[in-house]
Structures are given as structure tokens and as C-alpha cells.
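Participant: Show me the folded form of this:
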Amino acid sequence: MPPWLEQFLPILILLAVVALVLWRLPKVEIDHSDAFRRRRFLNWLPLGLTYAFLYMGRYNLTVAKSAFAERGLMTNEDFGLIFMVGAWVYGIAFLINGPLCDRWGGRRTILVGTAGSAVANVLMGLVVVFDWTANLFPLYCVLFGINMYFQSFGAVSIVKVNAGWFHVRERGVLGGIFGILISLGIYFAFDWNGAILRATSVEWVFFAPAAIMVVFFVIDVFVIRDDPAGAGFENFDLGDATSGESEEPDGLAVVLRRMLSSRVILIIAAIEFCSGFLRNSTMQWGRIFSKQTGVTEDFIFANWGLMMCLAGILAGMFSGIISDYVFNSRRGPVAAILYAGLAVGTAAIFFALGSPAIGWALIFMQLCVIGVHGMLSGTASADFGGRKNAGVAVGLIDGCVYAGTGLQAVILGKVLPDGEAAKDPANWAIWPVVMMPLAVLGLFLALRIWNAKPKSQAAAAH
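Facilitator: Coordinates of the predicted model:
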């Protein structure tokens, strides 16, 4: 068996088990024909894989960082600042891209985002090819920022399209699928890019994701449709916050006023700020920790992308199933349970520094945070924003995720050890100390929305 297939086999087996579990679950009370379900599957699968490969072209910078560091071209602080620029560009871009998604539709904006990210990744690769590395830091600040602007179309597009195909009662499982797609993207980003780096040279860590994105751009043109009517089926009442209203999106000022006056939306946005901080504090710096402390032969770190993918798949399906089948499609209880896990995981990291348990603690953190992200950014945003304004709602919430991402990048880039000091795991004790307040705050906020469920504007007015 080829080595790449041997590594990918556990993911295929787990996905097969997940598919079997979903097939055996009792159906929710939404009556869809078999033809509709098949067409819906053909709609979200390529869309979801496009999103996963956007991740491959987003976190490839983390993989390339180690190669640049070995050549003395990028310090931890440089990496943190570059990623901060990209993360905050991503977060601010929702003011433009959320409304564009609602006006143009998710199909068009996923195409724009995929094409733009592919071009940006090619340009980052050309910096290496033409040996412009003397100016690597300023060039990558600009190019990674451009990449992240186009990347920001991904989440708003996938939620916008899927919101038109899934009723609120079905979206918990959809949020689990969203978590699976994130997990596959992380696997592609770390393990596929890592294999590419070992087999070729660092520029291909940027060129290869760009090539795959071009392939999926072509597939999406022919397959993805914004709603069932676009594929020859009837649209139906989705049961979300804009059910019963016209399909014309509201103006940005109206939507922002509605979003910013919603206690639930604001709390979800604050929770997701904490999620962005914690997700990237562990996902990115965990890999760097392993390289700098010399524990790369550890099973977890040697299979970093694979282990995060498996954890994310389990988290996605756990959170989606209990949301729809245990908590009556409420997202708050799931987020609270997972944030309790994040608080425990952060404490475990502190005590596991320098021991083999550190890898397992980091993977547990990823399991919890991917589950939260799928429930809130991938599901609750569409529930409480409504389908017609899903772009702005997702943009607001996902923008907060990347505000948290940017903050952790600059803070940890400053306070974590570098050079010789980084070789001693004890010098990394500040790492979990910085994360703990965010884990506790996220848990407190998640408990505040335990009973929250969406109500349509028409129903509220009635």
C-alpha cells in the first residue's frame, strides 16, 4: 500500500463510520425526496471540499515557516506578525464580503474567493522562486493579507449556500459536517503540505494548493447552485430568523443594526473570538513547539494533520448529533460542554509540558474548539442571521474568530521563547497561561445562550 494511502486510510474509515451513523439516525421531521437529497449532496460536497482546500492554501504558511526558519528568514515574531496581518484583514473583510455574498449569492463568491486565493498563493511561491527572500517579511505581510482577503469569502459562501438547502432542524448535523470539512482542510494543510515540502521545495507548498483550487473552481462552476430552485427543485421554508420574508437581502445598515441589537448574536461573536484565539494558539504553535523542542518524532506531532483531522471529525459529528437529537437543535449547550473541555485541556497543557502527554492535550483542545466552531460559525450564524442575511451574520461571527486569531498571533509571537530558549519545554509555560482566561470566558458566555433558539422576524412581529 502506498504510504500516502496508508496514512489517509484511518480518515476514510472514520468517514465511512460517520456516514453509517448518519444513515442510521432517525430522520428529522423534514420531508425531502430521495432525488432532492442526492442533489443536495452533490451541491455541498464539492463546495465543502473547496473550502477544505482553501484551508490548505491558508495554513501552508505555518508549514513553510519551519523551512524559512532553518534558513534564518523567519522568526517566531515575524511569523506571528504576518499571520496577525492576514487574520485581521480576514476579520475586517466581512464588512465588504458578507454583504457581497448576500447580494451575489454564495456560488459566485466562492468562485471569487477560490480564484483570488489561488493567485495569491502562486505569488507567494514566486517570491521563493525568484529569490526575493531578502524582503520576505514585508512581501509576505502584503501577499498573505491578500490571500486572507479572498479566503474570507470561503466561510460566508459555504454557509450562505447551505442555508438555502437545510432546514434549521437539519443544521446541527450540517454544522458537524462543517467541522469535518475544517478538519480535512487542516489535514491537507499540515500533512499534505508537509509531504510536499519533504519531497520538493518550499515554493511547492504554495503552488500545489493553488493548482488544486483551480481544479475545484472549474468543478464548482458546473455543479454548485445557490438554492434548490437553481437545481430544478422547489425552495422551502427553512425555519430560521428570516423565514417568511422576501428573498431580497436587507441593506448592510439594516442587517448590522439587527445583528448588533441581538444579544445572542453578540454573545456568539464573543465566544467565537475566544475560539479563534484558542484554535490557533494550539494548532499553529503546537507544530512550532514540536519543532523547536525537538519532539517531532512523537506520534502526535509526526502525524499532526492526521490527528487533528480525526479529532475534528469526531468533534463535528458529536456536536452536530447531540445538538439536533439531544438539545432540540439548540447550539448553546454543545458550545458550553466543549468549552468546559477547553478549560480542562488548557490546564492539562500546563502540567504536560515536557511530557509525552502534551500532544494528546493539544489534540483534545482541537477536538473541542473545532466542535464549537462548527456549531457557532457554521450553524448558529445561519440560524440567527437567517438565510437571506447569512453572509453578513457569518462575516460578523467569523470576523471575530480571526480577530481572536490575530490577537493570539501577535501576543504569542512576542511572549513565546525563540532560539536556544525555545528548546526547553519549561520555557513554554506562558503558553497555556495566556490561553486559560479565554477558555474560562468562552465557557461563561456559552452558558449564557444555553436556551437560545432562532425565531423568525415575521413570527416575532406576530
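
Participant: Next, the buried residues of stretch 416-434.
Facilitator: 416-417, 422, 425, 427-428, 431-432, 434 (16 or more other C-beta atoms under 10 Å). In this view, the C-beta of every residue, glycine as well, is placed from N, C-alpha and C.

Participant: From the contact counts, what lies against the host helix or strand of residue 372?
Facilitator: Residue 372 is part of helix 357-375 when elements are defined by DSSP states H and E. Contact analysis of helix 357-375 by 3 or more C-beta pairs under 8 Å, 6 or more residues apart in numbering; DSSP states H and E lists helix 171-187, helix 263-293, helix 299-302, helix 304-325, helix 332-352 as its packing neighbours.

Participant: just checking, residue 440 touches residue 343?
Facilitator: Yes - assessed by C-beta atoms under 8 Å, residue 440 is found in contact with residue 343 at 5.8 Å.

Participant: which one of these two has more residues nearby?
Facilitator: Ranked by neighbour count (other C-beta atoms under 10 Å), residue 440 and residue 343 place residue 343 first, with 19 against 16.

Participant: pLDDT wise, what is the most centrally placed residue in the chain at?
Facilitator: Against the mean C-alpha coordinate of the chain, by C-alpha atoms, centre = their mean, the closest residue is residue 182 at 5.0 Å. Here the pLDDT value assigned to residue 182 is 76.

Participant: still on that earlier bit, pull out the buried positions in the helix holding residue 372.
Facilitator: Buried residues in helix 357-375 (16+ other C-beta under 10 Å): 358-375.

Participant: follow-up on the earlier one: among the helices and strands packed on helix 357-375, which comes closest to residue 70?
Facilitator: helix 263-293 (9.3 Å; C-beta to C-beta).

Participant: pLDDT (mean, whole number) over that closest one?
Facilitator: 89.

Participant: Between helix 304-325 and it, find me the angle.
Facilitator: Orientation note: helix 263-293 sits at an angle of 160 degrees relative to helix 304-325 (axes from the mean of the first three to the mean of the last three C-alpha atoms, to 10 degrees).

Participant: Quick check: buried residues in helix 263-293?
Facilitator: The neighbour-count check on helix 263-293 (16+ other C-beta under 10 Å) flags 264-293 as buried.

Participant: got any ranges where this protein has weak pLDDT?
Facilitator: Across the chain, the ranges flagged by pLDDT under 70 are 1-8, 14, 17-30, 171-176, 238-252, 255, 296-297, 378-382, 385-390, 454-462.

Participant: at 50 what do you get?
Facilitator: Within the chain, the stretches with pLDDT under 50 are 458-462.

Participant: so where do the strands sit in it?
Facilitator: Remark: no strands are assigned in the chain by DSSP state E.

Participant: picking that back up, next, the angle from the helix holding residue 372 to helix 304-325.
Facilitator: Using the same axes, to 10 degrees: helix 357-375 against helix 304-325 is 40 degrees.

Participant: so how far is helix 357-375 from its chain's centroid?
Facilitator: Relative to the chain's own centre, helix 357-375 is displaced by 13 Å; criterion: C-alpha atoms, centre = their mean, to the nearest Å.

Participant: Return the angle between stretch directions for that helix and helix 332-352.
Facilitator: 160 degrees.

Participant: can you offset everything so residue one is 21?
Facilitator: All right, first residue 21 from here; so that's helix 377-395.

Participant: Distance of the closest residue to residue 359 other than its chain neighbours relative to residue 166?
Facilitator: Leaving out its chain neighbours, the residue that sits closest to residue 359 by C-beta to C-beta, 6 or more residues apart in numbering is residue 463, at 4.0 Å. Residue 463 sits at a distance of 36 Å from residue 166 (criterion: C-beta to C-beta, to the nearest Å).

Participant: same deal with residue 416?
Facilitator: Taken as C-beta to C-beta, the span from residue 416 to residue 166 is 22 Å.

Participant: Neighbour count: those two, which is higher?
Facilitator: residue 416 (25 against 18).

Participant: picking up where we left off before, contact partners for the residue nearest to residue 359?
Facilitator: 356, 359-360, 362-363 (C-beta atoms under 8 Å, 6 or more residues apart in numbering).

Participant: Would you mind putting the helices and strands packed on helix 377-395 into JSON lines with distance to residue 428 alongside?
Facilitator: Shown next, in JSON lines, are the helices and strands packed on helix 377-395 (distance: least, C-beta to C-beta, whole Å):
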{"stretch": "helix 191-207", "distance to residue 428": "17"}
{"stretch": "helix 283-313", "distance to residue 428": "5"}
{"stretch": "helix 319-322", "distance to residue 428": "20"}
{"stretch": "helix 324-345", "distance to residue 428": "17"}
{"stretch": "helix 352-372", "distance to residue 428": "13"}
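
Participant: can you tell me which of those comes nearest to residue 249?
Facilitator: helix 191-207 (19.3 Å).

Participant: Can you give me the neighbour number for the residue nearest to residue 172 when sequence neighbours are not counted?
Facilitator: Leaving aside its chain neighbours, residue 172 sits nearest to residue 113 (4.1 Å; criterion: C-beta to C-beta, 6+ apart). Around residue 113 there are 23 other residues, counting by other C-beta under 10 Å.

Participant: and if you look at residue 315?
Facilitator: Residues near residue 315, counting by other C-beta under 10 Å, number 18.

Participant: Grab the nearest non-local neighbour of it.
Facilitator: residue 321 (5.9 Å).

Participant: ok, the one you found to residue 113 distance?
Facilitator: 32 Å.

Participant: Can I get stretch 363-380 in PDB, CA atoms only?
Facilitator: Provided in PDB are the C-alpha atoms of stretch 363-380 (Å, rounded to 0.1, in the frame of the first residue of the first chain):
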ATOM      1  CA  ALA A 363     -10.700  24.900  30.100                       C
ATOM      2  CA  VAL A 364      -9.700  21.400  31.200                       C
ATOM      3  CA  GLY A 365      -7.400  21.000  28.200                       C
ATOM      4  CA  THR A 366      -5.600  24.300  28.800                       C
ATOM      5  CA  ALA A 367      -4.800  23.200  32.400                       C
ATOM      6  CA  ALA A 368      -3.600  19.900  31.100                       C
ATOM      7  CA  ILE A 369      -1.200  21.600  28.700                       C
ATOM      8  CA  PHE A 370       0.400  23.500  31.600                       C
ATOM      9  CA  PHE A 371       1.100  20.300  33.500                       C
ATOM     10  CA  ALA A 372       2.100  18.200  30.400                       C
ATOM     11  CA  LEU A 373       4.900  20.500  29.100                       C
ATOM     12  CA  GLY A 374       7.900  18.300  28.600                       C
ATOM     13  CA  SER A 375       6.000  15.000  28.800                       C
ATOM     14  CA  PRO A 376       4.500  12.800  26.100                       C
ATOM     15  CA  ALA A 377       1.000  13.800  27.200                       C
ATOM     16  CA  ILE A 378       1.400  17.300  25.700                       C
ATOM     17  CA  GLY A 379       0.500  16.100  22.200                       C
ATOM     18  CA  TRP A 380      -2.700  14.400  23.400                       C
END
